[in-house]
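What shape does this take:
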Amino acid sequence: MAQHLTISLKGHTVLVTGANSGIGKAIALAFGQAGANVAVNYVVQPETAEEVAHQIRDAGGQAITVQADVSQKGQVQAMFKQVIDHFGTVDILVNNAGLQRDAPFTEMTLDQWQKVIDVNLTGQFLCAREAAREFLRRGIVPERSCAAGKIICISSVQQEIPWAGHVNYAASKGGIHLLMESMAQELAPHKIRVNAIAPGAIKTPINYKAWSTPEAEKRLLELIPYGRVGDPEDIARVAVWLACDESDYITGATIFVDGGMTLYPGFATNG
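Next comes the predicted model:
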């Protein structure tokens, strides 16, 4: 499914959170392919983050790995300092880090609720705040971009579709929706663009069981009018486009990359 990217982001620096696997890895590699300097964030498994950075460097790009738990303010601030010290600034933030801690609602523990909200929602707030502070400090660099900076929040179709058994995850994604729009409204006068991508079913390790067998994939495809499960590269291509000047007049938007999952396919035959 991979396609060659023709967008150039040479000279830009992007920080991708949760970039050592799945969607984050594909986004980091795509930005590297577009010529950007890439900071590959991870929490655990440094060897997988280094492999992503190694692939970018092998292809002629620049990349570093940066460890930080995005739910911890001090670690986020240290991560941004490390990236800025190395590359000089940050031009683009891709707020991708996220996790699930699933349980039936009446059995969900406070720890399960809090962990998901802390990483998925508070983590996006903390990273976006540091990015916006850097964008405001630096201002617009005309030879790089029309904008002072770009923030891309990775959300989910679950910001629109309720998900029983996953109330913490759905609540975190619903929160990202209005966090993104409120940031976009506040930061637009400073020429900072904030947008979101809402993936549908994507072939990543987090949902491996949902597509790993022909039977499971067939059940999943009942929810996807377009007839295929998405690949991480589907999200990566949209992220690169949202970060370039071709999309300069777009802010406060959520792009659903879901094969039509949010079109309520159950109603395709009159309900």
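
what's residue 67 in contact with, if anything?
Taking CB atoms under 8 Å, 6 or more residues apart in numbering, we find residue 67 in contact with 41, 42, 43, 46, 49, 75, 79. Any C-beta I mention is one placed from the backbone N, CA and C, and that applies to glycine too.

Between those residues, which sits nearest residue 180?
Nearest to residue 180 among the contacts of residue 67: residue 41, at 18.9 Å, using CB to CB.

ok, the host helix or strand of that closest one: who's next to it in the sheet?
Using DSSP states H and E, residue 41 maps to strand 37-42. Applying DSSP bridges, strand 37-42 is found paired with strand 13-16 (parallel), strand 63-67 (parallel).

Keeping just the C-alphas, turn the next helix or strand after the first one into PDB.
What it means is strand 13-16. Of the helices and strands lying after strand 13-16 in sequence (DSSP H and E), the nearest is helix 22-33. In PDB, the C-alpha atoms belonging to helix 22-33 read as follows (Å, rounded to 0.1, in the frame of the first residue of the first chain):
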ATOM      1  CA  GLY A  22       2.400   1.300  14.600                       C
ATOM      2  CA  ILE A  23       1.000   4.600  13.300                       C
ATOM      3  CA  GLY A  24       3.700   6.600  14.900                       C
ATOM      4  CA  LYS A  25       6.400   4.700  13.300                       C
ATOM      5  CA  ALA A  26       4.900   5.100   9.800                       C
ATOM      6  CA  ILE A  27       4.500   8.800  10.400                       C
ATOM      7  CA  ALA A  28       8.100   9.200  11.500                       C
ATOM      8  CA  LEU A  29       9.300   7.300   8.500                       C
ATOM      9  CA  ALA A  30       7.100   9.300   6.100                       C
ATOM     10  CA  PHE A  31       8.400  12.600   7.500                       C
ATOM     11  CA  GLY A  32      12.000  11.300   7.100                       C
ATOM     12  CA  GLN A  33      11.200  10.400   3.500                       C
END
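
next one: helix 22-33 to chain centre, how far?
Per CA atoms, centre = their mean, to the nearest Å, the displacement of helix 22-33 from the mean C-alpha position of its chain is 10 Å.

same question, stretch 66-86
17 Å.

got it, and stretch 196-208?
The chain centre lies 10 Å from the centre of stretch 196-208; the measure is CA atoms, centre = their mean.

Give the buried residues for the helix or strand of the chain with the lowest mean pLDDT.
Every helix and strand of the chain was ranked by mean pLDDT, DSSP states H and E. The lowest is helix 208-211, at a mean of 82. The neighbour-count check on helix 208-211 (16 or more other CB atoms under 10 Å) flags 210, 211 as buried.

buried set for whatever helix or strand comes next after it?
Later in the chain than helix 208-211, the nearest helix or strand by DSSP H and E is helix 214-221. Across helix 214-221, burial judged by 16+ other CB under 10 Å covers 217, 220, 221.
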